[in-house]
Each structure stands twice: as C-alpha cells, then as structure tokens.
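S.K.: Sequence first, predicted coordinates after that:
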Amino acid sequence: MSTRQDNEETPLMQQPEQPVATKTPLPWDQFWIILALHFSHSLVFKTLAPFTPQLIRDIGVTDGDEQQVGYYASILHSSYYIPQTLAVLHWSRLSDRIGRKPVILTASFAIATTMLSFGLSRTFLGLLISRVICGAFNGENGVIKSMMMDITDTTNLPKAYGYMPLPSMLAAIIGPLAGGSLSRPADRFPEIFGRSELLKTYPYLLASAVPAICAAILWLVMYFRLNESVSTRAPFWEIIKKRLRQSYAKRSSLSSSSLISSGEASSEEVPSTSLPLSAVLTPKVLSVAASSSILSLFAVAINSLQPLFYATPIELGGVSLDPPHIGVIFATSGFVGGIFQLLFYARLHDRFGVRAIYVASVGSGIPVIILFPAINALARAHGTGFTLWLVIGFQRALIIILDMGFPCIGLFIKAAAPNRASIGATNGIVQLASGGARIIAPACTVVFSYSMQEGRDAWLVYYLYMVLAFLVIGTFMVLPRDPSLWEEHK
C-alpha cells in the first residue's frame with residue numbers, strides 16, 4: 001500500500017525526474033459510464049426548461065393570470081433543488097456503507113419513473129410531487145463524484161475533472177432542443193402524432209420521456225457493466241441488524257462504526273470502515289466545505305446577476321440586450337468554457353499545480369465585479385458596439401477562469417477525507433454546503449433591483465458582490481498549498 005501512495009504523490013512533490021512515468025491512465029471502461037450518468041442527470045432539468053411555462057398555463061393553475069406563471073415556475077424549480085440538496089449527504093453516506101452501484105441504480109430507476117409521472121401529470125400538485133421525488137433521488141449526484149474519486153488517483157483525477165464539463169455541455173444543447181421540439185407533438189407534427197390520443201391527452205409526455213428513456217437505458221448499462229468501486233461495502237441486511245442493535249445500546253467508539261459484523265468478510269477484504277458523521281467533520285473537511293460553499297455562492301450569484309444586468313435598460317445600470325443576444329452570450333461562453341477545461345485543465349495542473357489554478361480562479365472574481373459598472377459606462381458612452389462586446393467577452397473569459405476553481409475543490413475533497421471508506425460522506429458534506437449556497441445565491445440579485453430605485457446607491461449591489469469575492473479569497477487561505485500535504489499526514 002505504501003508503494004501505491006508514493007506513486008500517487010510523486011507528481012505533486014516537485015521532483016522533475018519522474019512526474020510523467022508515474023501517471024495512471026484513466027479507467028475508461030468505467031469512466032465513460034460516469035460521464036454518461038452526468039449527462040443523464042443534467043438532461044433532467046435541461047429538457048423541461050423550454051416548456052415549463054407553457055405547461056403551467058395549460059394546466060390552468062394560474063387562472064389566466066400571466067404574472068403568476070413565473071411564480072409557479074419558480075416553485076417547481078425550488079421543489080427540485082431543495083430536496084436534491086437535502087438528500088445529497090444521505091445518499092453519499094449510504095453509498096459508503098452499501099456501495100455506490102446500488103445507490104446509483106436505485107436513483108436512476110426513480111428518476112426515470114418520476115420523469116414519466118411528470119409528463120402524465122395534469123395538476124400542479126402532481127407536477128410538484130414528481131419534481132420533489134426526482135430532486136431527492138437526483139441528490140445522489142454526489143455519489144457519482146465519489147465514484148470518480150474511487151476509480152482515480154492523484155495523478156489522473158485532474159484529467160478526469162477536465163472531462164466533466166463535456167456531459168453538461170451536451171445536455172445543455174440536446175435537452176432544450178428535445179424539450180422544445182417534442183412538447184405538444186400532436187400540434188407540431190400532426191402528420192406523425194396527430195392520431196395519438198395519448199399524446200393529445202398528455203401533450204408533454206413525449207418530451208418528458210426523453211430523460212426517462214435515457215435514465216432507463218443507462219440503468220441497464222450500469223447493471224451489467226458498472227463495477228462496484230467501494231471495497232468496504234456491507235450487505236444491506238447487515239446494516240439493518242446493526243441499526244437494531246444500536247437502538248438498544250449506542251456506542252461511540254470508532255470500532256463500533258464498523259459496518260460488517262458477520263464473518264463473511266475478513267480483515268484483509270476491509271482495510272478501513274466508514275466513519276460516523278461526527279468523525280468525518282474534521283477541520284480539513286470543514287475548511288473544504290467552507291471554501292466550496294462560498295465559491296458556489298459567488299459563482300451562482302454572478303451567473304444569476306448577468307442575465308438581469310444584460311436585459312436591464314442602460315439608463316438603469318444595464319446593457320439593454322434582447323433575449324437572443326443574451327442567449328448567444330451564454331451559449332458561446334458555455335461551449336468555450338467546456339472545451340477550455342477539457343483541453344487545458346489537466347495540462348495547467350501538471351504545469352503549475354493546484355494552488356496556481358485556484359489563485360487565478362479566486363482572483364478573477366474582483367475584476368469580474370468591476371467590469372459590471374465599466375460595461376454600463378461603456379454602453380452609456382458608445383452604445384452596443386464592438387468595444388462593448390469585446391469587454392463582455394473578456395468578462396465571460398474571467399468567469400471561465402473562476403469556474404476552474406471547482407475541479408480544484410474536488411482534489412481537496414479527496415485529500416480531506418479521513419479515510420478511503422469515508423470519501424462519500426466527505427463529498428456529501430461538501431455538496432450539502434455548496435447546494436445550500438446555490439439555493440440562496442439567486443437572492444443576491446434582489447439587491448440589484450433595489451439599487452436601481454431612485455435615490456438608492458447604484459453601486460450597492462457591487463459592494464455586496466465585492467464582499468463575497470473577498471470571502472472567497474479568505475476561505476481559500478485556509479487550504480494548504482497542495483492537496484498532497486493532507487495526503488501525507490493521513
């Protein structure tokens with residue numbers, strides 16, 4: 001085991017003689033399934049976005065009040081992400097105990113079922129229940145990240161993170177096209193679906209079936225091809241028997257946290273056991289959770305502010321762009337960001353190390369904020385000309401650099417885990433903190449609307465965002481210069 005640890009740490013130890021020779025190739029026989037899972041889970045939300053407003057109008061919950069459409073759409077949005085955030089720690093800890101594969105199989109089956117039920121729902125309550133259940137089971141996306149950490153080491157994990165934007169990018173392209181084209185198919189394609197009473201009665205079933213079929217196919221692939229990545233898993237009934245015993249006598253010692261009490265597994269098969277939650281909440285894990293949550297809060301707040309800033313009239317502090325131009329900005333930057341991380345993240349990591357990338361990431365936040373009023377001033381002086389688009393492109397490039405901090409956080413998560421059997425719980429804690437930050441981040445845009453009111457300080461929103469940027473830098477300072485330093489002290 002010591003030989004493996006040395007091999008994993010060598011590329012990070014500043015020894016130029018042998019960094020390349022110790023690199024481990026990506027296990028593509030398993031890694032492609034993880035990428036497909038990430039695509040399937042991203043597709044769940046991307047497919048529904050184009051037709052959700054029209055669906056809400058059709059079911060009649062707004063009674064024809066167009067102003068209520070956004071209200072009910074936001075409820076559906078929150079009903080998915082709040083359960084997802086609350087469930088991520090549960091699924092992550094459970095995967096440490098019974099294995100990643102059964103958790104992911106269960107979640108994929110539930111996602112396929114709830115997406116079909118969403119398409120078959122004709123009341124807002126039915127839609128809401130489907131989204132809550134789908135979000136709760138999609139909370140196992142932290143398990144997917146834990147599995148990626150299981151099958152990689154410190155030499156190839158940066159390269160694995162370089163591929164992670166690719167599934168999201170594909171889902172962002174395919175999902176809206178499928179959702180927009182296949183909603184109300186009997187009206188759009190009467191020569192093909194005009195005779196289908198099912199699709200006339202449930203006009204959004206076909207669009208909802210796209211992510212459901214994707215999840216179902218992937219379930220079959222995982223059942224036959226996905227290997228379990230957790231060597232410390234325990235049979236499910238063993239966990240239940242242990243819980244029953246603990247209801248009579250609670251034990252707080254580390255030895256009592258062992259998940260395998262029968263003689264089916266020997267000590268050689270289980271080198272370490274999943275720790276109780278209190279033992280996982282170490283200063284290392286808490287520092288990573290704080291850094292990840294503040295970075296997520298800042299990044300989501302910036303991404304929530306941008307479309308509002310672009311659409312706001314110039315005289316009120318915005319840019320006066322129309323929806324097609326705003327869509328082009330986000331689509332182009334999303335594509336460029338995904339390709340950039342795919343091609344360059346691993347190379348930049350090998351060349352400069354984690355700290356340099358993370359410094360560039362957190363340091364880009366301040367110029368991103370300064371560019372908001374600068375763009376407005378440029379629009380006031382010269383209108384929406386070439387120079388304005390050049391500055392907007394520069395700001396989006398800085399945001400791409402900001403987003404490169406998230407793969408760095410992933411490297412610190414693996415290094416912070418108390419032992420290999422607690423990677424899932426560690427990842428779950430960090431994902432829970434980050435998910436909570438993502439939920440509250442859009443509320444920061446309220447300050448932008450407040451600052452536009454007459455008599456208010458127009459810079460108030462930028463003061464708030466500048467505070468967040470410095471918080472990102474502050475939480476970064478508590479992390480070590482390299483994750484390998486934590487690995488050495490395990």
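M.R.: Okay, I see it.

S.K.: And the helices in the stretch 151-300 of the chain?
M.R.: Along the stretch 151-300 of the chain, counting by DSSP state H, counting those that start in this stretch, helices occupy 157-163, 165-182, 185-188, 190-193, 197-201, 205-225, 236-246, 277-280, 283-311.

S.K.: what's the closest of those to residue 473?
M.R.: Closest approach to residue 473 among the helices of the stretch 151-300 of the chain is made by helix 283-311 (9.4 Å; C-beta to C-beta). Every C-beta, even on glycine, is put in place using the N, C-alpha and C of the backbone.

S.K.: Give me the distance from that closest one to the chain's centre.
M.R.: 12 Å (C-alpha atoms, centre = their mean, to the nearest Å).

S.K.: Next secondary structure after it?
M.R.: Later in the chain than helix 283-311, the nearest helix or strand by DSSP states H and E is helix 323-352.

S.K.: tell me how far that next one is from the chain's mean position?
M.R.: For helix 323-352, the distance to the chain centre is 16 Å (C-alpha atoms, centre = their mean).

S.K.: Tell me how far the residue lying farthest from the centre of the chain lies from residue 430.
M.R.: Within the chain, the residue lying farthest from the chain centre (C-alpha atoms, centre = their mean) is residue 195, at 40.4 Å. Separation of residue 195 from residue 430 (C-beta to C-beta, to the nearest Å): 51 Å.

S.K.: Show me the shaky parts of the stretch 251-400 of the chain.
M.R.: Of all residues in the stretch 251-400 of the chain, those with pLDDT under 70 make up the ranges 251-272.

S.K.: same thing but at 90, please
M.R.: 251-280, 300-301, 303-318, 320-338, 341-342, 346, 349-350, 353, 355, 382-386 (pLDDT under 90).

S.K.: still on that earlier bit, of all the helices of the stretch 151-300 of the chain, which lies closest to residue 411?
M.R.: helix 157-163 (6.2 Å).

S.K.: could you say what helices and strands that closest one packs with?
M.R.: Packed against helix 157-163 by the contact rule (3 or more C-beta pairs under 8 Å, 6 or more residues apart in numbering; DSSP states H and E) you find helix 28-48, helix 141-151, helix 323-352, helix 405-416.

S.K.: rerun at 6 Å
M.R.: For helix 157-163, the elements it packs on are helix 323-352, judged by 3 or more C-beta pairs under 6 Å, 6 or more residues apart in numbering; DSSP states H and E.

S.K.: Of all the residues in the helix it packs on, which ones are buried?
M.R.: For helix 323-352, the neighbour count (16 or more other C-beta atoms under 10 Å) marks 326, 329, 333-334, 337-338, 340-342, 345-346, 348-350 as buried.

S.K.: Equivalent analysis for stretch 116-132, please.
M.R.: Buried, per 16+ other C-beta under 10 Å, within stretch 116-132: 116-121, 124, 127-132.

S.K.: And that stretch, how far out from the chain middle?
M.R.: Centre to centre, stretch against its chain (C-alpha atoms, centre = their mean), the figure for stretch 116-132 is 24 Å.

S.K.: And for stretch 418-435?
M.R.: That offset, for stretch 418-435, works out to 14 Å (C-alpha atoms, centre = their mean).

S.K.: The most centrally placed residue in the chain: what's its closest spatial neighbour, skipping adjacent residues?
M.R.: Geometric centre of the chain, nearest residue: residue 141, 7.5 Å, by C-alpha atoms, centre = their mean. Excluding the flanking residues, the one nearest residue 141 by C-beta to C-beta, 6 or more residues apart in numbering is residue 41, at 5.5 Å.

S.K.: distance of that neighbour from residue 104?
M.R.: The value you get for residue 41 to residue 104, if C-beta to C-beta is used, is 10 Å.

S.K.: what's the answer for residue 399, then?
M.R.: On the measure of C-beta to C-beta, residue 399 and residue 104 end up 31 Å apart.

S.K.: for residue 478, same thing?
M.R.: Taken as C-beta to C-beta, the span from residue 478 to residue 104 is 32 Å.

S.K.: Which one's more surrounded, these two?
M.R.: For the pair residue 478 and residue 104, the greater number of neighbours falls to residue 104 (24 against 13), based on other C-beta atoms under 10 Å.

S.K.: give me every residue that touches that one.
M.R.: residue 143 (C-beta atoms under 6 Å, 6 or more residues apart in numbering).

S.K.: Just give me how far the helix or strand harbouring residue 473 sits from the chain centre.
M.R.: Element membership for residue 473, per DSSP H and E: helix 460-476. A distance of 22 Å separates the centroid of the chain from that of helix 460-476, by C-alpha atoms, centre = their mean.

S.K.: now do stretch 458-465
M.R.: 27 Å.

S.K.: same deal with stretch 391-407?
M.R.: So, by C-alpha atoms, centre = their mean, the centroid of stretch 391-407 is 17 Å from its chain's centroid.

S.K.: cool, stretch 164-183 as well?
M.R.: Its chain's C-alpha centre and that of stretch 164-183 lie 16 Å apart, by C-alpha atoms, centre = their mean.

S.K.: How about it, which residues are buried there?
M.R.: Under 16+ other C-beta under 10 Å, the buried positions of stretch 164-183 are 164-172, 174-176, 178-179, 181-183.

S.K.: Next: stretch 215-222.
M.R.: 215, 216, 218, 219, 222.

S.K.: mind giving me JSON lines with these and columns for pLDDT?
M.R.: Below are the buried residues of stretch 215-222 laid out as JSON lines (pLDDT from 0 to 100):
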{"residue": "215", "pLDDT": "94"}
{"residue": "216", "pLDDT": "95"}
{"residue": "218", "pLDDT": "95"}
{"residue": "219", "pLDDT": "96"}
{"residue": "222", "pLDDT": "95"}
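
S.K.: can I get the CA coordinates of stretch 319-338 in CSV?
M.R.: Coordinates of each C-alpha in stretch 319-338 appear next as CSV, following Å, rounded to 0.1, in the frame of the first residue of the first chain:
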residue,chain,number,x,y,z
VAL,A,319,-26.9,47.0,-21.2
SER,A,320,-30.3,46.8,-22.9
LEU,A,321,-29.6,43.5,-24.7
ASP,A,322,-32.5,41.4,-26.1
PRO,A,323,-33.0,37.7,-25.2
PRO,A,324,-31.5,36.3,-28.5
HIS,A,325,-28.2,38.2,-27.8
ILE,A,326,-28.2,37.1,-24.1
GLY,A,327,-28.7,33.5,-25.3
VAL,A,328,-25.8,33.8,-27.7
ILE,A,329,-23.5,35.1,-24.9
PHE,A,330,-24.3,32.2,-22.5
ALA,A,331,-24.3,29.5,-25.2
THR,A,332,-20.9,30.7,-26.6
SER,A,333,-19.3,31.1,-23.2
GLY,A,334,-20.6,27.7,-22.1
PHE,A,335,-19.2,26.0,-25.1
VAL,A,336,-15.8,27.7,-24.9
GLY,A,337,-15.6,27.1,-21.2
GLY,A,338,-16.3,23.4,-21.6
